[in-house]
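A.B. asks: Okay, predicted coordinates and the sequence, questions at the end:
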Amino acid sequence: MKTVIYYDYIRNRKNLIQNILVWTILFLLLFVVSLVIEKVIPGFSREYLKWPDMAQNLLAVGNWNNHVYINLWQIITLVFPIYIVYVVMNGLCATVIQEDRLETMVYLQNMSVGRMQVLLAKLLFWAAYAFIMYVVLLLENVVFFLLLGSGYNLSILVNHYGILFVSTVIYLMIALFLASYEKHENRCADVSAWVLFLSLILSKVGAFVHFVVDLMIMKGQEGEIIGKVEAIAQKLDVLIAICPMSWCWAGVEATSIYMIGGIVIGCLLCVGSCWIYAGRGNSR
Amino acid sequence: MESEYLCTLADVSVVAGDEHVLDNIQYNIRESVIETFISKDNSASKLLQIIGGFINADGGEVQYPMYSPSKKNLSKWIQYVPDDIVCYSDMKVKEFLKGVAIAVGNAEASKIAGRLCELFEINIDENLLDMTFEQNRLVAMIQAIMAEPKLLLLDHPYDMIGKQRYGLLLKELVHLKSKGTTILIAADAYDKVVIPCNQYVFLKDGSIFAQHTKKTLPTLSKVVKLDGGNPGIFNRERMKVLYRTKKSWGILYKEESVAELVLKIYQSGCTNFNVNELTMEEEVYGDYDRWML
């Protein structure tokens, strides 16, 4: 198993370093820019980031802060999980499928690495890939938050990256299942993207209905209909459960039941993928 | 009682569509030997993959009497080199071989790899996919040899490798055999193997057609093409007429002495002739199609 992890590290270290550098530099630039903005336009957050609650709720952004950087960080964290989860899902699918397509599996089997071990080692590697990225970004942002004198907000940071890691692992387990039966990298990438996109859209259905209710109230609509639509919206909120990525957003309240359920389903998918992949045309 | 065989093939069959790639193969493989399986199709390669446990047979069984019953540790003593290059992208030779050394867990393995890289003049800092096919293939050979397996399976080892380095590789294989490794080779032609084998196994239509040691290999017959004259004079058992047209004919000549042949040609009154040798496969299989007009 350590051979698979070593080989995947060798093949993906450049990509990992590039990703870490790009995102740490991006957050650093944001930090510097936000300091400049606060210097040039004092009270920028109060003046220009006072979005209506309905827009905030639709986007799942948390409460606005006095510091521009923390607000910008919140906006960036709406997009960053989509990118990073897609990268690791794609990376996992590609390396699993490549081993078969390029017949490099032979060399791993020469080294006593069975197919099931290959699959689990790759899951471990890509989970570690995400973990390293999150730890680096967490540490960087902890420093920035402390420099801003906003230490009391550190729990938001830890929560965000902690939950993001759990949801990434769940997505990786889904990707593992896709890769276990798919033979073409491009098709697998497409399916991964659809899994992400659809779960994202569905998780937003509840928020969208809430948004419609807010609009109706704003337009002066009154009566029973508001209560009924609001009740529907509250029921639709449960769809958040099928989009693990949304759990890490500040404006979403994800319960631990969601996470436990997600991990259990992920583990079942993991067992299924091992069964499919290990049983495919090989006796070892 | 302990078995004398390293590996036993019991009625091994592989079917692809309606075709039998391997048809009830029964064969025993001893320790510390070099054996070559020769087939024009891919049945020899398939047989190696089945012995190595890389694909499942549709019927029959591969037994390892000396190491049974655990199949889990098979790969610890079997190394297989496919008829292809190593396709790991973004990986240097030293990184690939380091991974092998980690897996083998033998301090000697790294030393062997280092010596072989030097012998084959391989730059260990080069990426696997940036090197020539020959060098890449040799790296695949090195990863197998450095593990010093009990059973080494080589699929068409001469492919993509030049004569000089192939010669060096053969020396290494003979050395490995002397240390107790059994080497099985899949080949498509006898004359490409060029290694002192204990046994040559000729496969045809998925079955074992013939088995020979170096000593029992048949002498290659000659095909003599003649213009003009009387072909009737060659109608003997060891001088079979292969074809006959109005102007020329061809005969199969199995005698070792050419003196008789020259005399016969003279007696037949032919005006022109040339002599060619059969390949070992044509001789063993009795396949003269190439020479028929």
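C.D. replies: Sure, I can see it.

A.B. asks: can you tell me how far the residue nearest to B:Gly52 when sequence neighbours are not counted sits from A:Leu108?
C.D. replies: Closest residue to B:Gly52 apart from its sequence neighbours, by C-beta to C-beta, 6 or more residues apart in numbering or on different chains: B:Tyr80 at 4.2 Å. The way it works is simple: take the backbone N, C-alpha and C, and place the C-beta from them, glycine included. From B:Tyr80 over to A:Leu108 the distance is 12 Å, taken as C-beta to C-beta, to the nearest Å.

A.B. asks: returning to that earlier point: hey, what's the residue nearest to B:Gly52 bridged with?
C.D. replies: B:Leu153 (DSSP bridges).

A.B. asks: Run through the residues that contact it.
C.D. replies: By C-beta atoms under 8 Å, 6 or more residues apart in numbering or on different chains, B:Tyr80 lies in contact with A:106, A:109-110, B:48-49, B:52, B:54, B:144, B:153, B:155.

A.B. asks: Just give the closest residue to B:Leu152, not the sequence neighbours.
C.D. replies: B:Leu152's closest residue in space is B:Ile183 (C-beta to C-beta, 6+ apart), at 4.8 Å.

A.B. asks: if I read this right, A:Ser199 contacts A:Trp247, doesn't it?
C.D. replies: No - A:Ser199 is beyond contact range of A:Trp247, at 11.1 Å (criterion: C-beta atoms under 8 Å).

A.B. asks: Show me which of those two is the more surrounded one.
C.D. replies: Set A:Ser199 next to A:Trp247 and count neighbours by other C-beta atoms under 10 Å in any protein chain shown: A:Trp247 wins out with 24 against 20.

A.B. asks: What separation is there between the more buried one and A:Leu123?
C.D. replies: Following C-beta to C-beta, the distance that separates A:Trp247 from A:Leu123 is 20 Å.

A.B. asks: what's in contact with stretch B:275-287?
C.D. replies: B:38, B:40, B:189-191, B:202, B:204, B:209-210, B:212, B:217-218, B:220-225, B:253, B:261, B:288, B:290-291.

A.B. asks: Now the terminal residues of stretch B:23-37, how far apart.
C.D. replies: 14 Å (C-alpha to C-alpha, to the nearest Å).

A.B. asks: got it, and stretch B:45-58?
C.D. replies: Stretch B:45-58: ends 15 Å apart by C-alpha to C-alpha.

A.B. asks: Domains in chain B, by residue range?
C.D. replies: B:33-40+B:73-212, B:222-291 (automatic domain parsing).

A.B. asks: Quick check: which of those domains is buried the most?
C.D. replies: Ranked by average neighbour count under the criterion mean count of other C-beta atoms under 10 Å in any protein chain shown, the domains of chain B are headed by domain B:33-40+B:73-212 at a mean of 19.

A.B. asks: for B:Ala10, helix, strand, or coil?
C.D. replies: Using DSSP: H, G, I helix; E, B strand; the rest coil, the structure places B:Ala10 in strand.

A.B. asks: so it touches B:Gly60, yeah?
C.D. replies: Yes - checked against C-beta under 8 Å, the pair B:Ala10 and B:Gly60 is within contact range at 5.4 Å.

A.B. asks: higher neighbour count, those two?
C.D. replies: Taking neighbours as other C-beta under 10 Å, B:Ala10 and B:Gly60 compare with B:Gly60 leading, 18 against 15.

A.B. asks: Where does pLDDT dip in the chain?
C.D. replies: Answering for chain A, as no chain was given. A:280-284 (pLDDT under 70).

A.B. asks: not quite, I wanted chain B
C.D. replies: For chain B, the ranges with pLDDT under 70 are B:1-3, B:68-76, B:235-238, B:256-257, B:293.

A.B. asks: ok, now how distant is the residue nearest the centre of it from chain A?
C.D. replies: Nearest to the mean C-alpha position of chain B, by C-alpha atoms, centre = their mean, lies B:Ala187 at 2.9 Å. Distance of B:Ala187 to chain A, given as C-beta to the nearest C-beta, to the nearest Å: 19 Å.

A.B. asks: got it, and B:Asn276?
C.D. replies: Taking C-beta to the nearest C-beta, one finds B:Asn276 at 39 Å from chain A.

A.B. asks: what helix or strand is that residue on?
C.D. replies: strand B:272-277 (DSSP states H and E).

A.B. asks: cool, A:Pro42 as well?
C.D. replies: Per DSSP H and E, there is no helix or strand for A:Pro42.

A.B. asks: again with the one 5 residues further on
C.D. replies: Secondary structure assignment for A:Glu47, by DSSP H and E: helix A:44-48.

A.B. asks: which helices and strands does that helix pack with?
C.D. replies: Helix A:44-48 is packed against helix A:68-101, with contacts defined by 3 or more C-beta pairs under 8 Å, 6 or more residues apart in numbering or on different chains; DSSP states H and E.
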